[in-house]
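J.: Just to be clear, the model below is a prediction. Sequence and coordinates:
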Amino acid sequence: MPEVDKRATNPKFSGRILFLTEDTSLIRQQLEAQGDECARLEGVLAQRLANDDLPLMSNISTDEITPGWVCFYYDETLGQYVYVGMREGAVKKDEVKNGGFAVVVSGLSKGCGSSRETAPYAEKAAGIQLVIAKSIEKIYGQNSQNIGLLTSTDFTLIERIRRGEEIPLTEFTKGLDPIAQKIVEHGGLFNYNKARLAGEVMPPPIETAKRPMTMVEKIIARHAFVRAGKIGVEAVKPGDALFAVADVRFSHEYVTPMAESLFKHALGNDARVTEPESVYAFRDHLTFLGRVMPEEKRKLGLLERADGLAITQERFTEKQGIRLYGESPDGGSEAICHNAVVEDLALPGQIVIGTDSHTCMAGVLGCFAFGVGSTDMANAWYTKDVRIRVPETVRYVFKGKKRADVAAKDVMLVILASEYMKTSKGIGKVLEFAGEDLANWPMDERATLTNMSVEAGGTTGIIEPDEVTLEYIVRERSLDAGEVRQGFTYSDPDAEYAAVFEIDLDEVRPMVALPGDPRNGIPIDELGEEVRIDAAYGGSCTGGKMADMDMYAEVLQNALAQGKRVAPGVHLYLQFGSQKIKQYARERGYLEIFEKVGAELIDPSCGACINAGPGASPNAETVTVSAQNRNFPGRSGPGKLYLASPYVVAASAIAGRIVEPFEFLSKPEEELVGA
């Protein structure tokens, strides 16, 4: 990958401006415009925007910027494919790259979803120099800074750019923390870190006085890198910028090759990973890709490229002495990375970083876990630390007790559908969950909350560890309880929060998120019309845990008792998150139940969640209800994807349409409120 030069003091943007609008026909007009029509159309759209008469496309996910199959590339080729996953097929290969665009403009939550750095890299490789959006997701924004792609939420820049002005670099650094400012000024993270390691630039010292802190703030303070041989500061506060030492660093085959390329480019072919015993890699994302890749993609040689990612990762891990969770002789992968990190690796009080947005799932253990891009990971392999701007925390306090037909997924869909989250206020925040009823939830159900915190744009989710946490870790890993307890961290009673919300669990009903965004949640009884389904998918890191298997089994066993099986014309897929989870299901007799009811069982892997395994929709007409975590356009194929709890997924597979699950639950009637 090419090295970026130190940023010009007053950059000038001489190319066209691409307005990504809700009306995709306007995007097509811009891409197809020629000659003088380009400037005329740009002027019309700019004026409409100034008059607040141009609805911009919001929630453009990284799946739309670079769909999963595009990520098999990790070089300049990415620029040819930028936005080819956009809704309604609005953009085709090479159109942006050949269109002479320098600036792209869109609405809220630009870059939501996966942490893939290929997204901003593809934009930059296509000639984009500046991204302007109403709000920019945390990981996407940080990845953009790391590679030298400028971002802004200031729409007044548009007319200045159109007038041909040079824009002072300070316009793109205002509001950033001191480290991020320097990274932008240096043109990217590698250039900054070279200067940092050479002693030419240093992060400002943390001088925050002792104060009440949240649990995440305490963890960051303990891990703050001060200087060689000194780790930890007395206190931090939101907005403080620092580097913090990571306890666990992991990547998967989708991303490891790109990070390795960056690592070698910056440090040389003989560069060594620091303390490889705390670094892990996973072959978990593309294990079953060959079972679903369309023929037209195969003809492009993409299956070979995808398999090559796994081969490259394996060679890298062997050379560096890194533990690789690979494929299992029992079928599929050893584990999805997030399931393995919770089951085997992370501990309370630690900092965990991974090249995947759902790294935050490990926050269920009471650690600070968050996703990073390839550049951040390549740097962390060498320095062992990662840059952090101390985030604000939003606290969710659960009151009452959830209904027997309600799962953690329903509670999370209620949170995501709130005005706070829909208006991007959750971006970059920590979501801290608390409440008496959490003590009754198994770890796997708690993990659904932390896993899906990133769907709000959050940095992570976290839950204070308790006796349930301790018992889980000791049981799964045979560790000493006293040593595990040493990492337990709690928020101070008078800690400061960006916001505090109470959720009345008694009022939460079975939910479903409508296609397009996890924030589209509504109660199932408000759907308004019957939603027939073609497929039901129970799997992924979110929906393939042990407790999820319990929920599928309960519904399906009761269906069998009623003489029912999977509805005609419906395909039910059940996929395990790890080999441990598969063994758990086997020991409890679940496999027999699943097979009798007519489900297809799939060995561990990410699979359908990223359109890379059975359960992904084959065409636009397919309607699926899924227990996975996100349903951005194209995420799991071209069909319509509804999100729901494991209870709802299993019940809907039996009914042939999206339904509430109470009919198939072995619960006392008084616990099924409203049933």
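T.: Everything's here; your move.

J.: Surely Arg222 is in contact with Gly349?
T.: Yes: with contact taken as CB atoms under 8 Å, Arg222 and Gly349 are classed as touching, separated by 7.4 Å. Every C-beta, even on glycine, is put in place using the N, C-alpha and C of the backbone.

J.: who has more neighbours, the two?
T.: Gly349 (22 against 19; other CB atoms under 10 Å).

J.: what sits against that one?
T.: Contact criterion CB atoms under 8 Å, 6 or more residues apart in numbering gives 219, 222, 366-367, 486-489 as the residues in contact with Gly349.

J.: what are the phi and psi values for the residue lying closest to Val430 once chain neighbours are set aside?
T.: Spatial nearest neighbour of Val430, chain neighbours left out: Thr393 (4.2 Å); criterion: CB to CB, 6 or more residues apart in numbering. Its backbone dihedrals place Thr393 at phi -120, psi 140, with angles given as degrees, to the nearest 10.

J.: again with Asp504
T.: Comment: the main-chain dihedrals of Asp504 come out as phi -80, psi 100, following degrees, to the nearest 10.

J.: Give me the neighbour count for it.
T.: With neighbours defined by other CB under 10 Å, the count for Asp504 comes to 11.

J.: just checking, it touches Lys399?
T.: Yes: taking CB under 8 Å as the definition, Asp504 is a contact partner of Lys399 at 5.2 Å.

J.: What pLDDT does the model give Tyr472?
T.: In this prediction, Tyr472 carries a pLDDT score of 96.

J.: so is it in a helix, a strand, or just coil?
T.: When the structure is split into helix, strand and coil by DSSP: H, G, I helix; E, B strand; the rest coil, Tyr472 lands in helix.

J.: just to revisit the earlier point, burial check on the residue nearest to Val430, number of neighbours?
T.: Residue crowding around Thr393 was assessed by other CB under 10 Å; the count is 26.

J.: need the contact list for it.
T.: Residues counted as contacts of Thr393 (CB under 8 Å, 6+ apart) are 214, 216-217, 238, 429-432, 491, 495, 497-498.

J.: give me that answer again for 6 Å
T.: Residues touching Thr393, when contacts are defined by CB atoms under 6 Å, 6 or more residues apart in numbering, comprise 214, 430, 432, 497.

J.: Who wins on neighbours among those?
T.: Using other CB under 10 Å as the neighbour definition, the contacts of Thr393 reach their maximum at Val430, which records 28 neighbours.

J.: measure that residue to Asp603 for me?
T.: The spacing between Val430 and Asp603, counted by CB to CB, to the nearest Å, is 34 Å.

J.: How about Leu300?
T.: Spatial separation of Leu300 from Asp603 under the definition CB to CB is 27 Å.

J.: Reduced to three states, what does Val406 come out as?
T.: Counting by three-state DSSP, the three-state call for Val406 is coil.

J.: Please tell me the pLDDT value assigned to the nearest residue to it once chain neighbours are set aside.
T.: If you skip the residues right next to it in sequence, Val406 has Val508 as its closest partner in space, 5.3 Å away by CB to CB, 6+ apart. At Val508 the predicted local confidence, pLDDT, stands at 98.

J.: Now do the same contact list for Val508.
T.: Contact partners of Val508, counting by CB under 6 Å, 6+ apart, are 406, 410-411, 414.

J.: go with 8 Å
T.: By CB under 8 Å, 6+ apart, the residues touching Val508 are 402-403, 406, 410-411, 414.

J.: going on from the host helix or strand of Ile27, what's the next piece of helix or strand?
T.: With secondary structure defined by DSSP states H and E, Ile27 is part of helix 24-32. Counting by DSSP H and E, the element after helix 24-32 in chain order, helix or strand, is helix 36-50.

J.: outside of that following helix, which residues touch it?
T.: Outside of helix 36-50, the residues within contact range by CB under 8 Å, 6+ apart are 16-17, 19, 21, 26, 29-30, 33, 54, 56, 100, 105, 155, 158-159, 162.

J.: With stretch 208-216 instead?
T.: Applying CB under 8 Å, 6+ apart, the external contacts of stretch 208-216 come out as 221, 233-237, 240, 366, 368, 391, 393, 430, 432, 460, 462, 464, 489-497.

J.: can you dump the C-alpha coordinates of that stretch into PDB?
T.: Taking C-alpha atoms only, stretch 208-216 is exported to PDB below (Å, rounded to 0.1, in the frame of the first residue of the first chain):
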ATOM      1  CA  THR A 208      -6.900  14.800  34.700                       C
ATOM      2  CA  ALA A 209      -7.300  15.100  38.500                       C
ATOM      3  CA  LYS A 210      -8.800  12.300  40.600                       C
ATOM      4  CA  ARG A 211     -12.500  12.100  39.900                       C
ATOM      5  CA  PRO A 212     -15.500   9.700  40.100                       C
ATOM      6  CA  MET A 213     -15.200   7.400  37.000                       C
ATOM      7  CA  THR A 214     -17.200   4.900  35.100                       C
ATOM      8  CA  MET A 215     -15.900   1.400  34.800                       C
ATOM      9  CA  VAL A 216     -14.600   2.000  31.200                       C
END
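
J.: That one - what's its average pLDDT?
T.: Across stretch 208-216, the per-residue pLDDT values average to 98.

J.: Can you tell me how far the closest residue to Tyr83 other than its chain neighbours is from Ala198?
T.: The spatial neighbour of Tyr83 that comes closest, neighbours along the chain excluded (CB to CB, 6+ apart), is Val91 at 3.9 Å. Separation of Val91 from Ala198 (CB to CB) stands at 41 Å.

J.: counting contacts, what elements does the top helix by length along the chain pack onto?
T.: For the chain, the helix with the greatest residue count under DSSP state H is helix 302-320. Contacting helix 302-320 under the criterion 3 or more CB pairs under 8 Å, 6 or more residues apart in numbering; DSSP states H and E are the following elements: helix 256-267, strand 279-282, strand 323-325.
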